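Participant: Need the 3D shape of this:
(one chain, ligands or ions: 1)
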Amino acid sequence: MSKMARAGFRIALLQLKVGPSKADNLANALTRIRSAVRDNGARVVALPECFNSPYGTQHFAKYAEEIPTGETSRSLSAVAKELGIYLIGGTIPERTPTATYNTCTVWSPEGALLATYRKIHLFDINIPGGITFRESDVLTGGDQLAVIPIDGARVGIGICYDIRFDELARLYRNKGCDMLIYPGAFNMKTGPLHWELLARARANDTQSYIATISPARDAGAGYIAWGHSMVVDPWAKVVAEAADGEETIVADVDFGKVDEVRAQIPVFSQRRTDLYDTKEQKC
Ligand SMILES: NC(=O)CCC(=O)C(=O)O
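Facilitator: Numbers count the residues shown, from 1 in each chain. Coordinates of the predicted model:
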């Protein structure tokens with residue numbers, strides 16, 4: 001008897017303009033979430049890294065909010081409920097009594113907070129003549145994975161620099177994920193070199209859908225985001241890609257394709273875990 005094909009969903013990635021006004025950033029996100037659903041029929045909508053604040057260590061404390069009581073959380077919850085969608089709320093700087101995190105919230109069609117994911121690998125790099133950045137000067141890294149069941153699929157969350165760590169993606173595959181979603185803001189040095197490469201690499205490693213969601217590029221910003229939000233299928237093929245400006249892109253993800261690739265190239269069951277393995281220590 002043939003196995004019933006698994007369903008999928010339509011996802012919209014919102015490559016949003018982000019400026020210094022939190023109120024404007026939030027209002028723009030809400031307008032574009034509504035139109036992604038009304039005009040494009042999205043079931044799942046995903047926002048970029050740092051969508052309510054400019055991206056920069058000097059900005060995080062000022063824009064940080066508590067989750068889920070802050071105004072951004074309350075707005076995302078309300079709009080998810082109004083539209084009956086799953087909302088991957090990009091990231092915002094999160095304030096707690098003891099630390100600041102770079103955090104993604106995920107909201108249900110009823111407006112409930114399904115998960116929070118705090119960026120595990122902080123973006124600390126130094127490329128002389130290119131870019132130096134140290135999130136760890138002001139942020140604390142998270143230590144929990146987040147897996148969200150959506151319409152029969154399992155979706156894992158990572159944030160930007162996290163995509164460089166194949167071990168994290170492997171843990172999500174071990175947990176049965178079919179899709180990984182990474183809000184992210186690569187820059188003009190590493191973006192052209194690594195953004196697509198890493199999205200396709202993680203798709204190929206895990207035989208999963210990958211979505212990466214960037215802010216729109218703003219040549220006048222202190223940190224210039226690369227853009228090019230994309231959806232990659234489990235064959236590692238780019239199926240939707242934005243340019244660098246403000247844009248919504250839409251893709252129909254089909255989890256039957258995940259099953260197909262995994263059956264036809266069964267690397268997961270062929271791993272030599274007697275020789276090597278990637279296991280959770282804590283999460
Ligand atoms: N926001 C980030 O984590 C940026 C990561 C990045 O640009 C990279 O090259 O990695």
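
Participant: So which residues make contact with the longest helix seen in the chain?
Facilitator: In the chain, taking DSSP state H as the definition, the longest helix is helix 22-38. Residues from elsewhere that reach helix 22-38, judged by C-beta atoms under 8 Å, 6 or more residues apart in numbering: 12, 14, 16-19, 42, 45, 47, 51-53, 63, 71-72, 75, 79, 83, 85, 87, 90, 248, 250. For the C-beta atoms, the positions are set from N, CA and C on the backbone; glycine is no exception.

Participant: For K237, give its distance to the ligand.
Facilitator: 22 Å (C-beta to the nearest ligand atom, to the nearest Å).

Participant: how many other residues sit next to that residue?
Facilitator: 12 (other C-beta atoms under 10 Å).

Participant: What parts of the stretch 51-200 of the chain come near the ligand?
Facilitator: 123, 160-161, 164, 184-187, 190, 194 (C-beta under 6 Å from any ligand atom).

Participant: quick one: which of those residues sit in helices?
Facilitator: Counting by DSSP H, these contribute T190 to helices.

Participant: Now a ChimeraX select for only the buried ones of the residues of the stretch 51-200 of the chain next to the ligand.
Facilitator: In ChimeraX, a selection of the buried entries from those looks like this (16 or more other C-beta atoms under 10 Å):
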select :123,160,161,164,184,185,186,187,190
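
Participant: I'd like the average pLDDT over stretch 40-55.
Facilitator: Mean pLDDT, computed over stretch 40-55, is 98.

Participant: now the end-to-end length of that stretch.
Facilitator: End-to-end span of stretch 40-55 (C-alpha to C-alpha, to the nearest Å): 28 Å.

Participant: buried residues in it?
Facilitator: Quick answer for stretch 40-55 (16+ other C-beta under 10 Å): 42-55.

Participant: Low-confidence regions, the stretch 151-283 of the chain specifically.
Facilitator: The model of the stretch 151-283 of the chain has pLDDT under 70 over residues 283.

Participant: Apply 90 and report the result again.
Facilitator: 282-283 (pLDDT under 90).

Participant: Please enumerate the strands of it.
Facilitator: Ranges of strands in the stretch 151-283 of the chain, per DSSP state E, counting those that start in this stretch, are 153-157, 179-183, 209-213, 230-232, 238-241, 247-254.

Participant: quick one, helices of the stretch 1-150 of the chain?
Facilitator: 22-38, 60-63, 71-83 (DSSP state H, counting those that start in this stretch).

Participant: Would you mind getting the angle between the last one and helix 22-38?
Facilitator: Orientation of helix 71-83 against helix 22-38 (axes from the mean of the first three to the mean of the last three C-alpha atoms, to 10 degrees) gives an angle of 20 degrees.
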